[in-house]
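[1] The sequence isn't on hand, but the structure is:
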Ligand code: SIN
């Protein structure tokens, strides 16, 4: 008797096309719901490391496909706001401004401040994948990505030397109550949720664990102070770094197309949601891959 051979996974013919922007590329001709060969996976992984944000076009795929593809890159986070999990798929956070029967179906103000996902945990996210479900129309509801390697490289050598040894505190709660005051639908956090998001201390400059490149790692959303500096001095330094880190020359602005699946590297980039007026509907599904301890 001959042993059954596993069917070979075929290579898909896809192209990686860099954007005419400081960062980012689109991947055209790949179907993430189909089996992905090791060779294709290696190309996708390389494109992600090189371009930091890759846009898989036209992914008419299910939440289960989205989750399975995300898992190829690592274990997935379960977001602390369990109220906005996709039913039966806790790995998916719904990002949406839509209300049904007066209740929000998702996190409507996700990304209103520049940030890197989960930087408030000791092991922040490797990357996130956002899949378009319902879009408000061209030029509305865009997402911006700022390259923090470029931001680091553009600092003066003197400022680089000053910030290299510094550490900063990141907290999920930093702007939570401010956002809740503006958006009362934001849930009041239970003590169990608060306990899940104790503040974390991170290097102000991190080294990408796969490429070895340095990146700025502070954000206006989650970074609350520089460890060991007087508050006023630390806040002034953070204000300078926040303004620098999102200069237009570091930014790619993503205008969503139907069925886009956007995969970014949280170790290299910060991102921001440009915002959607209340009367227009926008909904995306997000998975978030766990990362390792920044150094
Ligand atoms: C996010 O920060 O994950 C959401 C970004 C967006 O909605 O554009």
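    Ah, there it is. None of these values were measured; they are calculated from a predicted model. Numbering: from 1, shown residues only.
[2] neighbours of residue 60, just the number please.
    The tally of other residues near residue 60 (other C-beta atoms under 10 Å) stands at 9. All C-beta atoms are positioned from the backbone trio N, CA, C, and that covers glycine.
[3] residue contacts, whichever residue of the chain sits closest to the ligand?
    With C-beta to the nearest ligand atom as the measure, residue 111 is the residue of the chain nearest to the ligand, at 2.6 Å. Under the criterion of C-beta atoms under 8 Å, 6 or more residues apart in numbering, the neighbours of residue 111 are 95, 143, 271-273.
[4] Could you list which of the residues you listed belong to strands?
    Cross-referencing the contacts of residue 111 with the strands (criterion: DSSP state E) gives 95, 143, 271-273 as the overlap.
[5] Out of those, give me the one that has the most neighbours.
    Looking at the ones in strands among the contacts of residue 111 with neighbours defined as other C-beta under 10 Å, the largest count falls to residue 271 at 24 neighbours.
[6] in the sheet, who's paired with that one?
    The residues paired with residue 271 through beta bridges, assigned by DSSP bridges, are residue 115, residue 145.
[7] wait, doesn't it sit right on residue 264?
    Yes - with contact defined as C-beta atoms under 8 Å, residue 271 counts as touching residue 264 (6.3 Å).
[8] my read: residue 59 touches residue 33, true?
    Yes - judged on C-beta under 8 Å, residue 59 makes contact with residue 33 at a distance of 7.5 Å.
[9] Enumerate the residues of the stretch 101-250 of the chain near the ligand.
    110-111, 143 (C-beta under 6 Å from any ligand atom).
[10] Tabulate those residues in JSON lines, adding columns for pLDDT.
    Below are these laid out as JSON lines (pLDDT from 0 to 100):
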{"residue": "110", "pLDDT": "94"}
{"residue": "111", "pLDDT": "95"}
{"residue": "143", "pLDDT": "98"}
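[11] Tabulate these (TSV), appending distance to residue 231.
    TSV is the format used below for those (distance: C-beta to C-beta, whole Å):
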residue	distance to residue 231
110	28
111	27
143	32
